[in-house]
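Chemist: with the sequence up front, the predicted model follows.
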Amino acid sequence: MSPAGYTGRFAPTPSGSLHFGSIVTALGSYLQARKQKGKWLIRMEDIDEPRTRPGTDKIILKQLECLGLLWDGEIVYQSQRTPLYRSAFEYLNSLGLIFRCTCTRKEIANRPYPGTCRHGVADVTTGYSMRIKTNDDDIACDDVLQGKFVQSIASEVGDFIIKRADGLFAYHLAVTVDDAEQGINEIVRGADLLDSTPRQIYLQTLLGYNLPGYLHLPVAINNDGNKISKRSHAAAIDHDNPSQVIFEALDFLGHAPPYEAMNADIESLLDWAVKNWDLNTLPKQTQIKINHGSQNDAI
Ligand code: GLU
Ligand code: ZN
């Protein structure tokens, strides 16, 4: 990959404002792109309409601006890209890999999907989702930070949903199509998505896409061991002190700036971070606990 050709992205779900964990991901993907003089795109993952909250996209963009994380190009909204997902879906269907599934969530509470509807369903008048057939191949993701992650989708996940019973295309299809269509050649995101990656690689392969590289960053968890999320009511970012937030996110990523930089303006702090960004310095854990101390004050 030529450095000039690097294209990365940050893909928040606009279901709530950014919290410390999502800022870490935004910052990591930003620095990785800027270090390579590449592009950094933003994609609003609002495909799951029931989960999104109107106006949250604008709040997220304001937060990014306030943190100095300025993006390239137009913002892409998944909710406006249904035709792209439909044509990928139709192509997969033409390969004979898509089938209707009438199982309820309750019936398949435990992964992997047992293949109940693989060979046809009798009654399709009721709601049904569409699944894609998987196989026993081991699919490997060579993550630049986490190393090799191997999964047999068939035995560990099973045939997975491509189109939901409510008619929406599923997250895995949308992400795969979008990353390819936007020319993303390295995906930097939270390690909670490592487990989803083989499904996305499977779809990339079937759809004949170029395979992107991966960098899964450690995820911030709270004292109870849960991911810091919108649901855990992480408070909004302190707009009065964006440098402090960036400082602490850098510290989380093993890139604590010199103490004197604590009061630096955002621009100099980010300049310092781009210059000093080094994959060898990143922590390799998939999860890191943050104390109810300094980092939490920043969110
Ligand atoms: N929209 C997902 C999230 O907010 C991220 C998906 C991705 O980066 O591939 O967790
Ligand atoms: Zn089924």
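Modeler: Yep, it's here. Ligands and ions are numbered 1, 2, ... in the order given.

Chemist: residue boundaries of the helices in the stretch 101-250 of the chain?
Modeler: 153-156, 171-181, 197-206, 242-252 (DSSP state H, counting those that start in this stretch).

Chemist: relative to ligand 1, which of those is closest?
Modeler: helix 171-181 (4.9 Å; CB to the nearest ligand atom). From N, CA and C alone the C-beta is placed, and that goes for glycine too.

Chemist: picking that back up, turn the helices of the stretch 101-250 of the chain into CSV, columns for distance to Leu31 and mean pLDDT.
Modeler: Output for the helices of the stretch 101-250 of the chain, formatted as CSV (distance: least, CB to CB, whole Å; pLDDT from 0 to 100):
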stretch, distance to Leu31, mean pLDDT
helix 153-156, 32, 94
helix 171-181, 19, 98
helix 197-206, 21, 98
helix 242-252, 9, 92
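
Chemist: what sits against whatever residue of the stretch 151-299 of the chain ends up closest to ligand 1?
Modeler: For the stretch 151-299 of the chain and ligand 1, the shortest gap (CB to the nearest ligand atom) falls at Arg189, measuring 3.6 Å. Applying CB atoms under 8 Å, 6 or more residues apart in numbering to Arg189 gives the contacts Ala11, Thr25, Ser29, Leu215, His216, Leu217.

Chemist: so what sits opposite the spatially most central residue of the chain in the bridge?
Modeler: Geometric centre of the chain, nearest residue: Arg189, 5.0 Å, by CA atoms, centre = their mean. For Arg189, the beta-bridge partners are His216 (DSSP bridges).

Chemist: from ligand 2, how far out is it?
Modeler: In this view, Arg189 and ligand 2 are 29 Å apart by CB to the ion, to the nearest Å.

Chemist: what distance do you get for that residue to Ile228?
Modeler: Arg189 sits 15 Å away from Ile228, going by CB to CB, to the nearest Å.

Chemist: please apply the same query to His19.
Modeler: His19 is 6 Å from Ile228, by CB to CB.

Chemist: Val24 too?
Modeler: In terms of CB to CB, Val24 sits 9 Å off from Ile228.

Chemist: neighbour-wise, which of those two wins?
Modeler: Val24 (25 against 21; other CB atoms under 10 Å).
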